[in-house]
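Colleague: Sharing a model that was predicted from the sequence below.
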Amino acid sequence: MSRNQILELAEDNWQTEMGAAFPGERVVFRGKDLFEELGDLTWFQYLMFGITGKKFSNNEIALIEAIWSLTVSYPDPRLWNNRVAALAGTANSTGILGTSAAIACSEASIYGNQINIQSIDFIKRATIHELSEKPLLDLIKNELKQKRIIPGYGRPIVQHDERRQPLINKATQLNLASGNHFKTAIKIDELLQTTKYRMQINASGLAAALMADIGLSNREHYYCSLLAFSAGIIPCHIDASEHKEGTFFPLQCNRINYTGNEKRHW
C-alpha cells in the first residue's frame, strides 16, 4: 500500500481500541463502558488501566503509588525539574505551563525517566541471565564494558540512597518483595558490594524490579512514570508564585562568568 493510499484510508477514519466519547450517551474505554463497568476505579487505577489495559490489585496499586511518593515526588525547588516550575511561578506564569515544562524536563537521561527505561531493561535481562544459571558477574562486567554504567545502580551525588529501605519496607509490607526480578536486583546489589565497583542499588533499580514483577513492560513502566514527579513539581510552583516576583534564586550580573562577545549584533 502506497503512502497516499494509507493517508486516504486514514482520512476521517481513526481506528482505535483505546476509547471514544459519545456526548449525551456514554464513554467507552478499552472496550468497557466507563459509567457501567469502570465507575468504581480510583483515578490512579483508571490511569493504570489506560496505560496497560489491566486491572491491578489494591496492593499493587499501593506499591506503584509508594514508588512515586517515596522516590521522586519531592517538593524541593533546587531539583532540576522542580526548578523549572519554580521559575515559572516566580515569573507569574501559569501552573499548567510551569508544570508541563517541568515534566518535560523530567525526561532526563541521568536522573529522570530515560534511566528508568534502561533500569527495567537491564533488570529483565539480568533475571533471564540468573534463571538460566549463568554468572551474574559476567553480565555486570559486560554491561560496564559496553555502557560504563549499571542502570539502576550507583548515584551521581552521594553513594547512599536514602529511598531504598523505605521502598523495600513498603514492598515487603504489601507482600510484593518476593518476585524473581526483585530477588535478582538484590543479588546484584550484594554482588557489587563485594567487588571494586562498590555500587548500591538505587531507587530507580528497585522500582524497575518491582514494576517488572507485577507484570509491566518496559514501555508501560515508562508511561506510568510520566507524571511521577508532578506531586513534587506543583508545590514548587505554588510556593514560588506566593513569593515576590523574580525572587527565586536571583543572581547578580557580576557573579556570572561571561566570556562571550562584549556586544553582539542580531
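Modeller: Cool, the structure landed. Remember, predicted model here, so these are calculated numbers, not experimental data.
Colleague: CA atoms for contacts and neighbours, from now on please.
Modeller: Noted.
Colleague: Could you pick out the longest helix of the chain?
Modeller: helix 113-131 (DSSP state H).
Colleague: Residues in contact with the helix or strand just after it: which ones?
Modeller: Once the chain leaves helix 113-131, the next helix or strand it forms, by DSSP states H and E, is helix 136-147. With contact meaning C-alpha atoms under 8 Å, 6 or more residues apart in numbering, helix 136-147 is reached by A126, H129, E130, I149, I150, I188, L191.
Colleague: hmm, back to that, output the longest helix of the chain as PDB, restricted to C-alpha atoms.
Modeller: Provided in PDB are the C-alpha atoms of helix 113-131 (Å, rounded to 0.1, in the frame of the first residue of the first chain):
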ATOM      1  CA  ASN A 113      12.700   8.800  33.100                       C
ATOM      2  CA  GLN A 114      15.200   7.700  30.500                       C
ATOM      3  CA  ILE A 115      17.200   5.900  33.200                       C
ATOM      4  CA  ASN A 116      14.000   4.200  34.300                       C
ATOM      5  CA  ILE A 117      13.700   2.600  30.900                       C
ATOM      6  CA  GLN A 118      17.300   1.500  31.000                       C
ATOM      7  CA  SER A 119      16.900   0.100  34.500                       C
ATOM      8  CA  ILE A 120      13.900  -2.100  33.800                       C
ATOM      9  CA  ASP A 121      15.500  -3.300  30.600                       C
ATOM     10  CA  PHE A 122      18.700  -4.300  32.500                       C
ATOM     11  CA  ILE A 123      16.900  -6.000  35.400                       C
ATOM     12  CA  LYS A 124      14.800  -8.100  33.000                       C
ATOM     13  CA  ARG A 125      17.900  -9.200  31.100                       C
ATOM     14  CA  ALA A 126      19.700  -9.900  34.400                       C
ATOM     15  CA  THR A 127      16.800 -12.000  35.600                       C
ATOM     16  CA  ILE A 128      16.700 -14.100  32.500                       C
ATOM     17  CA  HIS A 129      20.500 -14.500  32.900                       C
ATOM     18  CA  GLU A 130      20.100 -15.500  36.500                       C
ATOM     19  CA  LEU A 131      17.300 -18.000  35.800                       C
END
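Colleague: quick revisit: kindly reformat the contacts of helix 136-147 as a markdown table and extend each row with pLDDT.
Modeller: What follows is the contacts of helix 136-147, written out as a markdown table (pLDDT from 0 to 100):
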| residue | pLDDT |
| --- | --- |
| A126 | 97 |
| H129 | 95 |
| E130 | 92 |
| I149 | 88 |
| I150 | 92 |
| I188 | 95 |
| L191 | 91 |
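Colleague: Can you show me the helices along the stretch 101-250 of the chain?
Modeller: 113-131, 136-147, 164-173, 180-193, 203-213, 218-224, 230-241 (DSSP state H, counting those that start in this stretch).
Colleague: ok, and for the last one, which residues are buried?
Modeller: Of the residues in helix 230-241, S230, A231, G232, I233, I234, P235, C236, H237, I238, D239, A240, S241 count as buried by neighbour count, 16 or more other C-alpha atoms under 10 Å.
Colleague: separation between L41 and T71?
Modeller: Distance of L41 to T71, computed by C-alpha to C-alpha, to the nearest Å: 25 Å.
Colleague: between those two, who's got more neighbours?
Modeller: Neighbours per residue, other C-alpha atoms under 10 Å: of L41 and T71, the larger number sits with T71, 20 against 13.
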